[in-house]
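Enquirer: After the sequence you'll find the predicted model.
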Amino acid sequence: MPGPALPRRTTTRGVVLVGTALATLAATTVPAAATDRTWTDRPWTDAAADTEVIELPGAGGAEGIAPGGDDTFYAGDLSDGDVYRGDLRRGTAELFIDAPEGRVAVGMDTDPENGLLFVAGGPTGQAYVYDTRSGTTVATYQLGGTTGSFVNDVAVTRDGAWFTDSRAAQLYFVPVDHHGRPGEARTLQLDGPAAELSGQFNLNGIADARYGRVLVVAHSTNQALYTVDPATGDSARIDVGGPLPNADGVEYRDGRVWVVQNRVNQVSRIDLAEDLASGTVEEVITDEDFQVPTTAILWRGGLAAVNAQFELTDAGPFEVVLVDAY
């Protein structure tokens with residue numbers, strides 16, 4: 001792996017969401033972005049999960065994961081857009097949303113205050129908003145084109161949800177009003193290094209770093225992290241001392257960012273400077289159960305990562321690996 005030597009730790013206990021990926025997504029990486037949450041931070045081992053592996057029964061693929069509050073999580077079936085709901089402590093998961101035909105579920109995030117789940121639709125160019133109580137569709141958006149677009153990941157902020165497009169130099173924003181109703185989507189054109197489109201999959205994971213005032217995005221082709229000003233679209237590189245190969249999902253909390261690096265089967269934890277212009281890789285987290293992890297969520301001081309198993313010949317069943325995040 002290019003770049004400077006990094007601290008590395010291997011863990012052996014995990015919770016894994018496993019699946020087979022769509023052929024068209026075999027080269028992608030997607031983060032389940034995180035916003036500043038108020039959940040209790042404590043070692044994940046204190047949560048006493050009942051099982052180390054959670055299987056998504058009947059799933060034909062896996063890619064995105066989102067927090068549901070307390071021990072609840074949501075995970076998407078990459079192949080048909082279905083959504084599973086599970087309990088990280090109990091180690092259970094079941095089908096929650098039987099998505100209409102033609103949908104795809106890539107990155108996802110939740111708006112717990114308004115009971116909304118936002119899901120990126122990948123090559124469809126779409127995004128979907130679901131009610132987390134009933135599972136019904138609240139809204140559907142055609143953000144990008146039906147060809148030449150890949151709506152990859154989403155991050156919820158105080159004002160709405162931001163989506164990345166891996167094949168366009170732009171972000172999409174879906175506002176949510178004070179009554180919890182999603183509004184009309186708009187497009188933000190990017191400027192600077194985050195706008196580069198030199199590879200098949202470019203922008204990927206996204207996270208809210210400053211309550212909607214600054215976004216952090218992963219760029220898979222450039223193996224880099226960037227900040228984006230959501231008001232202007234201006235972007236700047238975050239210097240972490242070297243490349244981040246296979247950068248996919250991104251999680252942010254309290255000045256730290258976790259970058260899921262799919263094909264190298266690791267998650268890098270980075271301590272960011274106050275101005276977000278640079279950062280130091282504090283640790284590289286690996287686990288024997290990682291099988292091309294794509295996105296992750298923070299859970300009680302731990303990290304629950306989805307295994308997408310892209311291009312693995314013996315992929316399946318589709319499972320979530322729980323590792324120590326600190």
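Expert: Great, that's in hand.
Enquirer: just for this protein, where's the confidence low?
Expert: 1-51 (pLDDT under 70).
Enquirer: can you do 90?
Expert: Applying pLDDT under 90 to the chain flags residues 1-56, 69, 146, 288-289, 300-301, 312-318, 320-323, 326.
Enquirer: what about residue 60, distance to residue 84?
Expert: Separation of residue 60 from residue 84 (CB to CB, to the nearest Å) stands at 12 Å. For glycine as for every other residue, the C-beta is placed from the backbone atoms N, C-alpha and C.
Enquirer: Of these two, give the one with the bigger neighbour count.
Expert: residue 84 (26 against 17; other CB atoms under 10 Å).
Enquirer: from what I can see residue 165 touches residue 153, true?
Expert: No: the criterion here is CB atoms under 8 Å, and residue 165 misses it with residue 153 at 9.6 Å.
Enquirer: ok so residue 194 is a strand residue?
Expert: No: counting by DSSP: H, G, I helix; E, B strand; the rest coil, residue 194 is located in no strand; its state is helix.
Enquirer: Need the nearest residue in space to it, chain neighbours excluded.
Expert: Distance criterion CB to CB, 6 or more residues apart in numbering; nearest residue to residue 194, sequence neighbours excluded, is residue 235 at 3.5 Å.
Enquirer: Who's the closest spatial neighbour of residue 252, skipping the chain neighbours?
Expert: Closest to residue 252 by CB to CB, 6+ apart is residue 207, at 4.0 Å.
Enquirer: Identify the bridge partners of the one you found.
Expert: residue 216 (DSSP bridges).
Enquirer: Check the gap between it and residue 276 for me.
Expert: Distance from residue 207 to residue 276, by CB to CB: 11 Å.
Enquirer: which neighbours do the two share?
Expert: Residues touching both residue 207 and residue 276 by CB atoms under 8 Å, 6 or more residues apart in numbering: residue 216.
Enquirer: which neighbours do residue 60 and residue 84 share?
Expert: residue 77.
Enquirer: And the next helix or strand past the helix or strand containing residue 94?
Expert: Counting by DSSP states H and E, the element that carries residue 94 is strand 92-97. On the C-terminal side of strand 92-97, the nearest following helix or strand under DSSP H and E is strand 108-111.
Enquirer: Direction included, what does that next one pair up with?
Expert: Here, using DSSP bridges, strand 108-111 pairs with strand 116-120 (antiparallel).
Enquirer: CA atoms only for the strand it pairs with - export them in CSV, please.
Expert: Output of strand 116-120 as CSV, limited to C-alpha atoms (Å, rounded to 0.1, in the frame of the first residue of the first chain):
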residue,chain,number,x,y,z
LEU,A,116,-37.0,9.8,8.1
LEU,A,117,-34.7,7.4,6.4
PHE,A,118,-32.8,8.7,3.3
VAL,A,119,-31.5,6.2,0.7
ALA,A,120,-29.2,6.8,-2.3
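Enquirer: Tell me which helix or strand comes right after that strand.
Expert: Taking DSSP H and E, what comes next after strand 116-120 is strand 126-131.
Enquirer: what does that next one contact?
Expert: Identification of contacts with strand 126-131 by CB under 8 Å, 6+ apart yields 81, 83, 97, 99, 103, 115-121, 136-143, 151, 154, 161, 163, 172, 174, 182, 185.
Enquirer: same check, this time on stretch 182-199
Expert: In contact with stretch 182-199 (CB under 8 Å, 6+ apart) are residues 116, 127, 129, 138-139, 141, 143, 160-161, 167-177, 202-203, 217, 219-222, 224, 226, 228, 230, 232-237.
Enquirer: gap between the two ends of that stretch?
Expert: Taking CA to CA, to the nearest Å, the first and last residues of stretch 182-199 lie 32 Å apart.
Enquirer: can you check stretch 204-216 too?
Expert: End to end - CA to CA - stretch 204-216 spans 10 Å.
Enquirer: swap in stretch 303-316?
Expert: End-to-end for stretch 303-316, by CA to CA: 21 Å.
Enquirer: Spatially nearest residue to residue 74, not counting backbone neighbours?
Expert: The nearest residue in space to residue 74 (CB to CB, 6+ apart) is residue 66, at 4.6 Å.
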